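Asker: Quick one: sequence and predicted model below, then my questions.
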Amino acid sequence: MASWKLAGAVLRGLRQSAQASVRQGGPTVSPMVQGAVRAGNARAVYGNIRTMASYTRNKPHVNIGTIGHVDHGKTTLTAAITKVQATKGLANFLEYAAIDKAPEERARGITISTAHLEYETANRHYSHVDCPGHADYIKNMISGAATMDGAIIVVAASDGQMPQTREHLLLARQVGVQKIVVFVNKVDAVDDLEMLELVEMEMRELLATYGFDGEETPIIMGSALCALEGRRQDIGEQKIDELLKAVDEWIPTPERDLDKPFLMPVEDVFSISGRGTVATGRVDRGILKKGEEVELVGVNPEPFKTTVTGMETFKKELDSAQAGDNSGLLLRGVKREDVKRGMVIAKPGTIKAVTKFLCSIYVLSKEEGGRHTGFGNHYRPQMYIRTADVAVGLKFPDGTPDIDGKMVNPGDNVEMVAELHHPMAIEPGVRFNIRPGRPAGGGNALSEFVEHVANQAAARHSRRPRTSSSGASGSTGAGKQPPKLTTAPSNKSLEEAVDELSFIDDLGLNTDDGPRVKLRDQLLGTEPGLDALLRRRLEEGRGEALFELGYEDNGDSMGFTKEEYDTAYRNLVEHLDALHAQCAVLQTANVDPEREEAPADGKGARAKLMVRQIPKSMEELLEIRVAVVGNVDAGKSTMLGVLVKGQLDDGRGKARVNLFRHKHEIESGRTSSVGMEIMGFDAQSQIVTSQAGRKLTWEEIGKKSAKVISFTDLAGHEKYLRTTVFGLLGTSPDYCLLMVAANNGLIGMSKEHLGIAVALNVPIMVVITKIDMTPPNILAQTITQITKILKSGGARKIPIFIKSKDEAISTATHFVSDRICPIFQVSNVTGEGLDFVRTFLNILPYHGQFDVNAPFEFYVNDTFSVPFVGTVVSGVVKSGVIHAGDQVLIGPDGLGNFISTQIRSIERKRIGVPGVTAGQSASFALRKVRRRDVRKGMVVLPKTDEPPPKASRQFVAEVMILSHATTIRKRYQAMLHVGPVSQTCSIIDLDRETVRTGDRALVAFKFVQRPEYILPGDKLLFREGRTKGLGVVKEIDYDGSRPLNPAMKAEEDAAGSQRDAEGEPRLTKEQKAEMHGKKDERMKYQTGTTRK
């Protein structure tokens, strides 16, 4: 059966690709595959996949690419080239959308990643790289340019040369590109011929400035858009032909190093189910044949060997890969996570990875596009070598006179020692670039590090050192299944998934299972199995599911008539009743045309239904936690009051009064603590809330609801930032709701909260409030500002403005991707836009990733006393299951010890329950524990026969510095947040001397006040003023005898020994204590007080 599921997934992917091919007018898959897809013939698909064309070397191969400023038309020109050559049978036409195929690229309208494609001329075969032009993605441009033998630089006639035009020319020169052809694009938008002459003159001067032949370089003027749309051939198709002729003649055919040992830098890597891992890149030198052994060198301390079992280029099979080929190599027995971009695949024993080497550097002057100022010893830029980018420390060789005062100025040639952050494959003669870290470049680094932290945290339970019933690390006890590890969602596009199918040799399709039953027949009652399908979907959605009535699982329309739709709906309701579930119609098409927003079409009657199971007890109640953040006076508490109480605001804050917990909050109108409110939806998607004159308690809302939204109302004032960070980490929110006042925009703490949410990888929704009192021009400015910030390299979100119920439904169903950012515009006084928010919250899918099978773990985020009950702690169950009456441990206290106690009772939403599971928030009443003995940040663990859990005062974490004005060294102190733990920490060791903004480093921390319970894989955030850093715990109980930087430790010890030899005795602990005592005495007499 599993094989048929795989076949179904393949067929669905190919069917969608084939349909997209027909719409685009060019085949992305072959006609044979398209026919097989329409017929649902798995064998035809399988047979077609196996018959891959072979690559024929009948023309010289050259690697070129398009470079230039953002929005100057590089991708449009690339698409135009494929269209013109396709008419001659020399290429496959790729539309613009097929080149920029990632969702973010389509949303932003710019290229982000490099795209590879092929075409031919009469004389040559070309591999073409379309590079990104935006400054935020310069790293990807460098990686793409490193594989080019020549380049086409695209300049818009309307703009002329721009910053990235100059920067790309400089970088192309640095990576060894010798010849360039200029294409002046968008000439159809310029009427003044003198302007075109001026652009040509400026480009020739610019080429000469960067060492190219400014006099003889061909410059072609045309319009890529005209060529793509088939109009104005004089500046369209004819200019494309002229451009390719110039490329043929001006860019020489490179001489390949075929006799040297094989070496290919890894540019990208992906895995293929059932086959293995594929690494792609351009072969630098040598020849490799299928079945030969290779070595992967770099990034890891030691190389490892594997065998190449297959290779291809542009979906054509290769018998051998040779220098200059853009190849994909299928590696045997290698996991995807073991291969990293920047590694090299080489003949075994021919190259080594090093972290330290001597290099010769030329520092570009200001006039050459380089630095304005010099730099000194221990300078830490980014190094770009082949396809890798790595942090590097540059210092002068030992013995350099005045080593600490010496400076390297722009225009200097100098020899320096380079120390890499991790090993890389280096050999004499290799060229590289070094660039200072920029805030724009740091956005991509942050995104990658956030994903890395998420993956580390997802695998957290697999590394647990304690608390299992069998005593084995990570075990779940006898008779239980091992924990299911969560993984980060794949960002792979459909086209990439289809491309990977060309590598598959054997899908293992089993044709003996018989044909699959169509959902249409099940809904109409002619085939059984609907009960099992509905039960499975409800289990996957933890009690709810979005059901598209009228569509098969593969997306095909069922073509229901109105009568068939009514029959299917009745049958569905009957089967849901048997499962103790109900449904609500969210959206229909071709059912009731008079009431539907969208016009009628020919796809049959259909509807989107929210199917929700009625919980049998509070234990089964579905809960989604939403953290509400934003600047002070953005309207957070007011909007929550409107949502959960059901009444509009009066414009003076009436709706927020019932949410405040303290008298000073009511008087000031500002939140200073962490507030909690809930909003319920029943099984028919109706809101469960208070009505006029009838206020519902939490208990009543919980009992009437099938799903609750738990809002955490966080403070917006800067002085309460610690409380806000605690709320974001301690309550484990599934989503973050960012409030922005329309009249103020994204200011103050709003930006801080957005940055923290992005760093924590929490999906974000934005609500723009107060639109009723904001002039249209100010509202437009606020929307522009929010859009710009969300699209920036640091956030990398795709903003989607919700302006209708249909848009709210569609966006909510696709909100599983944290790249999407829904934006609402509301008024809490008039009620405008609030219905869209309510609809969105009703459909909002469960986003939590918690392990029910792992040992129980519960972090305390609040404590209080209840009369006649005793001490109560509240928080979120991180993993496992717990029941009332279970024996547990709570701690650690100030000495790192745990207290033994018993859970007296458990409540969820103020309703008593017998037990709770992972992902649920709850409150525990504890026996024989005083409130003063418990605090926020403690952890509740099951009591076992094993030794008690251990708290740690010192630990090692991998961190990334998000922002810091200067450098961070040992003994630096900051406020550290790990879940609900908030405590000052001191840095006691680093894997380098200093770290700066954008650096990733291993850091040893020490809690200043008391030990805490943390585990490897825990996410952390530290801050101090404007300084912020993100990280993940790697080790607990730091061992000072194994320093993170042994060489630096040896230097410090040597310096200490030298001071001893020179007669400078070190102070003993007794002497230091005596000095502190004398200082206290002086302070007492000076201030008249005794230091406590």
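Answerer: Here it is on my side, so go on.

Asker: which residues of the stretch 251-400 of the chain fall in strands?
Answerer: Ranges of strands in the stretch 251-400 of the chain, per DSSP state E, counting those that start in this stretch, are 263-265, 268-272, 276-282, 287-289, 293-297, 304-313, 316-317, 320-322, 326-331, 344-346, 353-362, 382-385, 388-395.

Asker: Would you single out the least confident of those?
Answerer: Lowest mean pLDDT within the strands of the stretch 251-400 of the chain: strand 316-317, at a mean of 74.

Asker: chain center to that strand: distance?
Answerer: 33 Å (C-alpha atoms, centre = their mean, to the nearest Å).

Asker: Repeat that for stretch 335-344.
Answerer: Using C-alpha atoms, centre = their mean, the offset of stretch 335-344 from its chain centre is 18 Å.

Asker: related to what we said a few turns ago, in TSV: the strands of the stretch 251-400 of the chain, plus mean neighbour count.
Answerer: Using the backbone N, CA and C atoms, a C-beta is placed for each residue, glycine as well. Formatted as TSV, those follow (neighbours: other C-beta atoms under 10 Å):
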stretch	mean neighbour count
strand 263-265	25
strand 268-272	18
strand 276-282	23
strand 287-289	19
strand 293-297	20
strand 304-313	18
strand 316-317	14
strand 320-322	21
strand 326-331	24
strand 344-346	27
strand 353-362	14
strand 382-385	23
strand 388-395	21
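
Asker: I'd like to know which of the ones you listed is closest to residue 188.
Answerer: Counting by C-beta to C-beta, residue 188 lies closest to strand 326-331 out of those; the figure is 32.8 Å.

Asker: quick one: strands adjacent to that closest one?
Answerer: Applying DSSP bridges, strand 326-331 is found paired with strand 276-282 (antiparallel), strand 304-313 (antiparallel).

Asker: With distance to residue 930 as added columns, please give those in JSON lines.
Answerer: Output for the strands paired with strand 326-331, formatted as JSON lines (distance: least, C-beta to C-beta, whole Å):
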{"stretch": "strand 276-282", "distance to residue 930": "56"}
{"stretch": "strand 304-313", "distance to residue 930": "56"}
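
Asker: among the strands of the stretch 251-400 of the chain, which is nearest residue 581?
Answerer: Between the strands of the stretch 251-400 of the chain, strand 268-272 lies closest to residue 581; by C-beta to C-beta that is 37.5 Å.

Asker: the domain parsing of the chain - what is it?
Answerer: Split into domains by automatic domain parsing, the chain comes to 2-50, 61-250, 263-346, 364-437, 517-594, 618-843, 857-940, 954-1046.

Asker: To residue 607, which of the ones you listed lies closest?
Answerer: In terms of C-beta to C-beta, the element of these nearest to residue 607 is domain 517-594, at 4.4 Å.

Asker: circling back to that earlier point, what I need now is the strands of the stretch 251-400 of the chain written out in TSV, including distance to residue 895 for each item.
Answerer: Putting the strands of the stretch 251-400 of the chain into TSV (distance: least, C-beta to C-beta, whole Å) gives the following:
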stretch	distance to residue 895
strand 263-265	53
strand 268-272	48
strand 276-282	49
strand 287-289	61
strand 293-297	48
strand 304-313	45
strand 316-317	67
strand 320-322	62
strand 326-331	52
strand 344-346	52
strand 353-362	41
strand 382-385	45
strand 388-395	40
